[in-house]
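Peer 1: structure, please.
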Amino acid sequence: MKKVFSTLLALTMVMALLAGCGSSDTAGDTSAEGDAAGTEDTLSGTVATDGSTSMEEVIGALGEQFQADTGVSVTYNPTGSGAGIEAVSNGSCDIGLASRALTDEEKAGGLTETTVALDGIAVIVNAENSVTNLTLEQIAQIYTGAVTDWSEFGSEAGAIAVIGRESGSGTRDGFESITGTEDQCVLAQELSSTGAVIEAVRTTPGAIGYASLSAVQDQEGITVLTVGGVAPSEESVLDGTYAIQRPFVFATRSDEALSDAAQAFFDFATSTAANDLIANAGAVPVAQ
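Peer 2: Residues are numbered from 1 along each chain as shown. Down below sits the predicted model:
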């Protein structure tokens, strides 16, 4: 009897040891999985952007989606292109935003430009106007007050009501820089939004204005002009044949790597995954 009891006790101990080993292995596997999960890269912090006021819609859409995907916020300081370039140069932001190409001097000073999108600016007139095409020179003549009557362009006689954006508007900055009318515009109305410009042109016979390409599509009561015979479209902006356009640029420091979060945002914003967001924000995406 004692021999049988001893045998049973020995078997019980062996089984307990085996069970313990099995539990230890399972715990070990779980720990390994936890370690692996812990080593996965996680993003944290904030991505700071600074610059172009005309990039507000684009950077807002990109930043909102990036935060939803990663939990990392993207701040935007609308100081203007020049200030944004200075901010990234002195290290006070991660990415500078410019609605123009960088100059050779800025590049030589240690900055790299990456075009995120292109911005097409449409020129519009009241739908009752028979004018359908103007050259850049003619547009400049209108906006500087050199020509004040539509009869000069083959339409019925009538005073030209020149509509523009307020001082500091990114759209105004882009329009004036391309048409060569900086600080020379003579405006009948100076309005603070794209929608207000479109409505003013729609309701004012003889009016002319400008607005982002995406904002004027399918609008009634206005005519979108061709410029030098070229209609504004995503295709004509992309191939450069439409004249009134400019790049939306990310400026970064050439000799200093971005933080992990900033690099992830940069990669997202310049990828095809961002194309719909950029297009819906009124710009033309360039990623392919």
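Peer 1: walk me through the domains of this protein.
Peer 2: Following automatic domain parsing, one finds the domains of the chain at 46-118+246-285, 120-238.
Peer 1: next, format those as CSV and append mean pLDDT.
Peer 2: What follows is the domains of the chain, written out as CSV (pLDDT from 0 to 100):
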stretch, mean pLDDT
domain 46-118+246-285, 95
domain 120-238, 94
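Peer 1: mean neighbour count added to the ones you listed, as CSV?
Peer 2: Yep, even glycine has a C-beta here, placed from its N, CA and C like the rest. Formatted as CSV, the domains of the chain follow (neighbours: other CB atoms under 10 Å):
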stretch, mean neighbour count
domain 46-118+246-285, 19
domain 120-238, 18
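Peer 1: which strand or helix spans the residue nearest to residue 163 when sequence neighbours are not counted?
Peer 2: Here the nearest residue to residue 163 in space, its sequence neighbours aside, is residue 209; by CB to CB, 6 or more residues apart in numbering that works out to 3.6 Å. Using DSSP states H and E, residue 209 falls within strand 207-212.
Peer 1: direction included, what does that strand pair up with?
Peer 2: Looking at strand 207-212 with DSSP bridges, its partner strands are strand 111-126 (antiparallel), strand 161-165 (parallel).
Peer 1: skip ahead from that strand and say which helix or strand is next.
Peer 2: Strand 207-212 is succeeded, C-terminally, by helix 213-216 (DSSP H and E).
Peer 1: touching, residue 206 and residue 126? I think so.
Peer 2: Yes. With contact defined as CB atoms under 8 Å, residue 206 reaches residue 126; the gap is 6.5 Å.
Peer 1: so residue 192 touches residue 167, yeah?
Peer 2: No. Under the criterion of CB under 8 Å, residue 192 makes no contact with residue 167, lying 10.1 Å away.
Peer 1: verify the stated contact: residue 124 with residue 222.
Peer 2: Yes. Assessed by CB under 8 Å, residue 124 is found in contact with residue 222 at 4.6 Å.
Peer 1: pull up the overlap in contacts between these two.
Peer 2: Counting by CB atoms under 8 Å, 6 or more residues apart in numbering, the shared contacts of residue 124 and residue 222 are 198, 201, 216.
Peer 1: want to throw the residues you listed into TSV with distance to residue 240?
Peer 2: Putting the shared contacts of residue 124 and residue 222 into TSV (distance: CB to CB, whole Å) gives the following:
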residue	distance to residue 240
198	26
201	26
216	20
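Peer 1: out of the residues you listed, the closest to residue 250 would be?
Peer 2: residue 216 (26.4 Å; CB to CB).
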